[in-house]
Structure formats: C-alpha cells, structure tokens
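>>> All I have is the shape, not the residue letters:
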C-alpha cells in the first residue's frame, strides 16, 4: 500500500479490522475529520523517540492497557511515560500513566 492515498489506507484498514500505527500526526487529524470510529490509530509523538527499538518497547508496554479501547475505536497517542486516549469523533480524552 506504499503508493496508496491516506484515504485508501483508512478504508482498507477499516475493512480489514486493522489498527494503524504511525508517527505522522496528520493521520490523527485526518482520522478525526472522517468522523468514523474505525480504524483505530496508535500515534507515536516526538517525545517517544524515533529509534525503532524504543518505539517497539513502548508499544509492547502499553498495548495490553489500551487493547480494549483500540478495539472500540480510538487514537492512542504514545509519549514517553504517558498514553493519551482520544476517542474518535468526541472531545473526550483520557490520560494513562
């Protein structure tokens, strides 16, 4: 899907029940504009570091804590020491240590 548009990525991920993982903050904004609950997105913020091994370790450490929310539809923003859950299509958010 390397040549696909963002919209094509969103559609396919939603159809296949996938969760997107990205460090591109535009994905979060575009997903919110779609006003749909799928697909969920795991978004790495700059403060989480760009080293793949560090991102993988952070992902594995928080995934069990956010798995249910991701299944329901959310944006999980991962930062070093903090996870923010942003339900898609609502103004609510929740922080997790």
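Cool, got the structure. Values in this document were obtained by computation on a predicted structure and should not be read as measured data.
>>> can you give me the strands in this protein?
Assigned by DSSP state E, the strands in the chain fall at 19-22, 40-44, 74-79, 82-87, 94-96.
>>> The second one - contacts with which helices or strands?
Just to be clear, that refers to strand 40-44. Strand 40-44 sits against strand 19-22, helix 25-34, helix 52-72, strand 74-79, with contacts defined as 3 or more CB pairs under 8 Å, 6 or more residues apart in numbering; DSSP states H and E. Where you see a C-beta, it was placed from the backbone N, CA and C, and this is true even at glycine.
>>> Out of these, indicate the one that is most buried.
Of all these, strand 74-79 has the most neighbours on average by mean count of other CB atoms under 10 Å, namely a mean of 22.
>>> That one to helix 25-34, inter-axis angle?
When axes from the mean of the first three to the mean of the last three CA atoms, to 10 degrees is applied, the directions of strand 74-79 and helix 25-34 differ by 160 degrees.
>>> mind listing what strand 74-79 pairs with, with the direction of each?
Paired with strand 74-79 in the same sheet, following DSSP bridges, are strand 40-44 (parallel), strand 82-87 (antiparallel).
>>> Which residues does the closest residue to residue 86 other than its chain neighbours form beta bridges with?
Excluding its sequence neighbours, the residue lying closest to residue 86 (CB to CB, 6 or more residues apart in numbering) is residue 75, at 4.3 Å. Legend: beta-bridge partners of residue 75 under DSSP bridges are residue 41, residue 86.
>>> Residue 41 reaches residue 18, doesn't it?
No: counting by CB atoms under 8 Å, residue 18 is not a contact partner of residue 41; they are 10.4 Å apart.
>>> Looking at these two, which is more packed in?
residue 41 (25 against 13; other CB atoms under 10 Å).
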